[in-house]
Each structure stands twice: as structure tokens, then as C-alpha cells.
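Q: One predicted model, sequence on top.
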Amino acid sequence: MTETNRVQLEIVNQVAYVKLARPEKHNALDMTMFQAVVKTIKQLRKDRHIRAVIVSGEGPDFCTGLDVKSMLKSTSGPLKLLFKVNPRNANMAQQVSIGWQSIPVPVIAVIHGRCWGGGLHIALGADVRMATPDASLSIMEGRWGLIPDMGGLETLRRHCRLDVAKQLTFTSELLDGEQARKAGLITHVSDDPMSHAEQLAATICQQSPDAVAGVKKLYNKSWTGSKGALLFRETWYQLRVIFGKNSRIKAHNQTHKADQQKPFLPRKKW
């Protein structure tokens with residue numbers, strides 16, 4: 001296990017377990033937490049051996065959002081979070097959400113307790129989100145007279161109807177797990193979301209890592225946009241997968257018994 005002060009990382013059977021580790025502050029986001037999350041994302045992005053990532057929070061809550069008191073103590077903190085050289089690139093605040101999409105494996109968020117504001121944006125950056133029935137989720141920024149600015153909109157617009165997203169942001173209302181699922185914020189509601197996430201990760205590990213990475217990139221780039229670009233990427237990515245060794249390994253495993261299974265190779269660079 002490695003630990004970067006605010007984030008714990010453990011890799012077990014090619015599944016990376018990422019845990020927000022500031023339970024005494026309900027995993028609220030201070031500058032050190034932002035830096036630790038970004039560092040962890042960069043580390044996982046380079047690891048070609050992992051097959052899935054599970055993100056959770058230590059203690060009673062997943063993440064209660066921005067540690068406002070901590071950030072207000074520093075005049076440079078907010079500037080560091082929002083600074084960017086290229087306006088079209090993500091700043092540090094946005095990287096903790098959309099950065100998960102740069103990892104070429106499925107990212108699963110396991111949510112319990114409060115998941116508010118910045119915590120929800122972290123979860124929205126995952127590919128799949130699982131929550132307990134009594135979890136509490138909210139786009140909380142409006143309570144502080146702010147607008148969401150952590151990149152969550154990039155994924156929120158894919159999961160949620162526009163009118164629903166507006167209402168949730170206008171009101172900062174609290175949703176339980178089932179309400180959040182109906183709104184599109186959550187994929188599954190489960191009494192034991194970690195076990196559910198681990199079962200999903202185990203299923204993913206049985207697939208070709210090249211195909212999984214290709215699908216994630218294809219969907220991210222083509223879910224919106226032109227039909228022509230979508231058709232081009234489908235063909236190009238398929239050719240990359242077909243001519244890779246993991247495609248042949250998957251075909252072999254599909255047609256042979258359990259005791260004749262071959263291990264997958266590290267995935268291609270996507």
C-alpha cells in the first residue's frame with residue numbers, strides 16, 4: 001500500500017483501490033487532498049497492468065466537498081486550484097473529476113454517507129457509480145453562492161437531463177441513493193456497494209484489457225459529436241484491438257476450459 005497523506009492506494013489482483021483518507025474531516029477537500037488525488041490519477045494512468053479502479057472514502061462519508069475554512073486561510077490556495085495556462089485545459093480543481101476519464105480502465109466510485117459538492121464531482125468522473133440507499137448526494141455549490149467549477153458538468157451532462165441538472169444545481173437539494181439513481185447521478189444502489197463494485201471489477205478483469213480501454217476511449221470521444229468521427233474511431237480502434245495479442249488471448253479463453261485459460265498481457269497504450 002502507498003499513501004500520499006490524503007489518499008491511500010492499494011493494488012490487489014490488478015484492481016487499484018483508491019481511498020480518500022481524511023476521515024476526521026469527512027474527506028473534505030483541502031489543497032493537500034487536491035494534490036494527492038491528482039498525483040494518484042497520474043500514477044494510475046501510467047500503470048498498464050491495472051484492470052480497474054475502485055474509489056471510496058474512509059470513515060462515515062465519501063466526501064463532504066470543499067474544506068472552505070482551510071481554503072480561505074490561504075490567499076494563494078484558490079488561485080492554485082483555478083490557475084491554467086490554456087483556458088481549454090483542466091485546472092487542478094477540475095482534474096480531480098475529469099482526470100479519472102484519462103485512466104484507460106473502468107473507474108468505479110463506491111459512495112456512502114455524504115457525497116456533496118466537490119465529492120460528487122469526483123464521483124461523477126468515474127465510469128460507474130454505486131451508492132448505499134441512505135447515501136446523501138448534492139450539487140452543493142449554490143449554498144455558498146458559487147457555481148460548480150470542478151469539471152463535473154463534463155460528465156453530468158452525459159448522465160442527467162438538462163432540466164434535472166438545472167433544478168439540482170439551483171436548489172442544492174439533497175438526494176438519497178435511489179433518488180440520485182433516478183436523477184441519473186448513480187448507476188446502482190446497493191446495500192453493499194463495495195462488494196458490488198468488486199464483483200463488477202472481477203468481471204471486467206475477464207475481458208481483454210485492450211478492448212476495455214478502446215471502448216472507454218471510443219465512448220468518451222464519440223458519445224457526442226459528429227457521426228463521421230464516430231464511424232472513423234470505431235473502425236480504427238477495432239483494428240488496433242484485433243491486431244493485438246490480447247484479442248487472440250480472449251478468443252482462446254472464450255473457447256477453452258477454466259484450467260486452460262491464458263493470462264492477458266499489459267494493455268496497449270491508448
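A: On my side now, so go ahead.

Q: And the helices in this protein?
A: 31-46, 68-72, 76-82, 92-98, 118-124, 152-159, 162-171, 177-183, 193-204, 209-222, 227-242, 245-255 (DSSP state H).

Q: Identify whichever of these lies nearest to residue 134.
A: helix 177-183 (6.7 Å; CB to CB). Where C-beta positions appear, they are placed from N, C-alpha and C, glycine not excepted.

Q: so what pLDDT did the nearest residue to residue 32 once chain neighbours are set aside get?
A: Spatial nearest neighbour of residue 32, excluding adjacent residues (CB to CB, 6 or more residues apart in numbering): residue 6 at 5.3 Å. Looking at residue 6, its pLDDT stands at 94.

Q: show me the contacts for residue 218.
A: Shown in contact with residue 218 (CB atoms under 8 Å, 6 or more residues apart in numbering): 233, 234, 237.

Q: residue contacts, the first one?
A: Okay, so that is residue 233. 218, 221, 222.

Q: So which of those residues is the closest to residue 78?
A: Taking the contacts of residue 233 together and measuring to residue 78 by CB to CB, the closest member is residue 221, at 31.5 Å.

Q: What separation is there between that closest one and residue 236?
A: Separation of residue 221 from residue 236 (CB to CB, to the nearest Å): 11 Å.

Q: returning to that earlier point: for burial, what's the neighbour tally of the residue nearest to residue 32?
A: 22 (other CB atoms under 10 Å).

Q: Let me have the contacts of residue 233 in JSON lines, extended by distance to residue 74 and pLDDT.
A: Converted to JSON lines, the contacts of residue 233 look like this (distance: CB to CB, whole Å; pLDDT from 0 to 100):
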{"residue": "218", "distance to residue 74": "41", "pLDDT": "96"}
{"residue": "221", "distance to residue 74": "37", "pLDDT": "94"}
{"residue": "222", "distance to residue 74": "41", "pLDDT": "94"}
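
Q: wait, which of those is closest to residue 151?
A: Nearest member of the contacts of residue 233 to residue 151, counting by CB to CB, is residue 221, at 16.4 Å.

Q: tell me the contacts of that closest one?
A: Here residue 221 is in contact with 229, 233 (criterion: CB under 8 Å, 6+ apart).

Q: Going by distance to residue 212, which of the contacts of residue 218 wins?
A: Distances from residue 212 to those, taken by CB to CB, are shortest for residue 237, at 11.6 Å.

Q: For the nearest residue to the closest one once chain neighbours are set aside, give me its contacts.
A: Spatially, and ignoring its direct neighbours in sequence, residue 237 is nearest to residue 214 (4.4 Å; CB to CB, 6+ apart). With contact taken as CB under 8 Å, 6+ apart, residue 214 is in contact with 237, 238, 240, 241, 270.

Q: Report the separation between residue 214 and residue 106.
A: According to CB to CB, residue 214 stands 12 Å off from residue 106.
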